[in-house]
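J.: how would this look folded up:
(one chain, ligands or ions: 1)
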Amino acid sequence: MSLDASKLTITKTTNSKTPLPKEQLVFGKTFTDHMLEVEWTAENGWGAPKISPYHALSLDPASSVFHYSFELFEGMKAYRDTHGKIRTFRPDKNMARMNRSAKRAALPQFEGDELLKCIDELLKVDEKFIPEGYGYSLYLRPTLIGTTSSLGVAKPDRALLFVIASPVGPYFSGGFKPVSLQATDYAVRAWPGGVGEYKLGANYVSCIEPQSVAATKGHSQNLWLFGEEGYITEVGAMNFFIVFQKDGKKELVTSPLDGTILPGVTRDSTLALAKARLDSSWEVNERKITIHEVQERAAKGEVVEAFGTGTAAIVSPISNIEFHGADIAIPVVGGTAGELTQQIEKWIREIQYGDVEFEDWSRVIV
Ligand SMILES: *Cc1c(COP(=O)(O)O)cnc(C)c1O
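T.: This next block holds a predicted model:
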């Protein structure tokens, strides 16, 4: 059976929580009253989706998720616009990506449109947890796990898709705060033919220890390099963008989707808006870029700004990249974020909060 939103059942909590005051919101720490679940079996396909009070899962210790990392997820947000309406941002992209991840992880694919309808209902039920104001949103975490209780190394014949939701405040409260990155080549996040382009939990577990090492030197994230050439891939939870300037021409560059890079929705949105709205003094390119190019051109004064993109912060300005013990200072002209960094943040935010419509990027729920 296919995933069918018309079969959704809703059981509301009898013990509703009071949403935290906005100032106390911490990313991913507190959740709404309800969650969405859909079970799948190889025999019967997708079962009836259900929304019920947020609860712990009960799983057999032999479940495949615990042993062979049959797990993938999405990260998306719901926003309350200035008219009080609830919106999600390009959620079809998240559904398509989740299905690509599912296929690669030998987990079942599903009808993305139908899951979105169920998510809409979850948002209506938990509406009071969607905070108001720019930068505030409800973070949604669709997750798919293999639940076959067997240690046999095989495609799971049981799975659970669930969605939980966490109210969040601005990533940068009190204005942008530029980040320092450590360009890392002693460990590798992803490689050609690997799974770096899928949003699997397994891509994260190997990155946390190197991130702690970077943190001991005052860096907030790793900039993952690949190969002897020192290709810049991405930041691990953010895609990487840099602006070069030479002879009055500006170039916005990000690494191409060569299989080692997560195809971020914010990355795609940044490229689309930059191509649509920047003037002819700009070039927008997806091309390979090495840490050496950045180092050499920064020394010549040709680096204008750099930033990471992702759903959590939209953009994160980058002020420094340490590579093999040497600091590459990245200018942050225009205050705490470069001019284009600020422009991109504004362009995307205006669409997310419904102040500006762009193509069909914003989905109005109620
Ligand atoms: C989720 C993620 C991103 C950002 O993707 P968005 O869709 O823009 O949020 C970037 N890199 C990795 C590894 C990710 O998992």
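J.: going forward, measure contacts and count neighbours with C-alpha atoms only.
T.: OK.
J.: So which other helices or strands are in contact with the helix or strand harbouring Ser166?
T.: Take DSSP states H and E as the rule and Ser166 turns out to sit in strand 158-168. Where contact means 3 or more CA pairs under 8 Å, 6 or more residues apart in numbering; DSSP states H and E, strand 158-168 is packed against strand 34-41, strand 137-146.
J.: starting at the chain centroid, how far to the last one?
T.: In other words, strand 137-146. 11 Å (CA atoms, centre = their mean, to the nearest Å).
J.: next one: the shortest one
T.: With CA atoms, centre = their mean as the basis, the distance from the averaged C-alpha position of strand 34-41 to the chain average is 22 Å.
J.: Check which helices and strands that strand is in contact with.
T.: If you count contacts as 3+ CA pairs under 8 Å, 6+ apart, strand 34-41 packs onto strand 45-46, strand 50-53, helix 112-125, strand 158-168.
J.: mind checking which of these is nearest Phe73?
T.: Taking CA to CA, strand 158-168 is the member of the helices and strands packed on strand 34-41 nearest to Phe73, at 9.3 Å.
J.: what's the angle from that closest one to strand 137-146?
T.: Angle, strand 158-168 to strand 137-146, by axes from the mean of the first three to the mean of the last three CA atoms, to 10 degrees: 160 degrees.
J.: picking up where we left off before, quick check: mean pLDDT of the strand holding Ser166?
T.: Across strand 158-168, pLDDT averages out at 98.
J.: Following it in sequence, what is the next regular element?
T.: Taking DSSP H and E, what comes next after strand 158-168 is strand 179-184.
J.: returning to what we had before: residues in contact with the strand holding Ser166?
T.: 25-32, 34-42, 54, 107-108, 119, 129-131, 136-148 (CA atoms under 8 Å, 6 or more residues apart in numbering).
J.: For the residue lying closest to Thr290 once chain neighbours are set aside, name its beta-bridge partners.
T.: Counting by CA to CA, 6 or more residues apart in numbering, the nearest residue to Thr290 once its immediate chain neighbours are dropped is Tyr231, at 4.2 Å. Beta bridges link Tyr231 to Phe226, Thr290 when assigned by DSSP bridges.
J.: How about the contacts made by Tyr231?
T.: 225, 288-291.
J.: Can you flag the buried ones in those?
T.: Buried members of those, counted by 16 or more other CA atoms under 10 Å: 225, 289-291.
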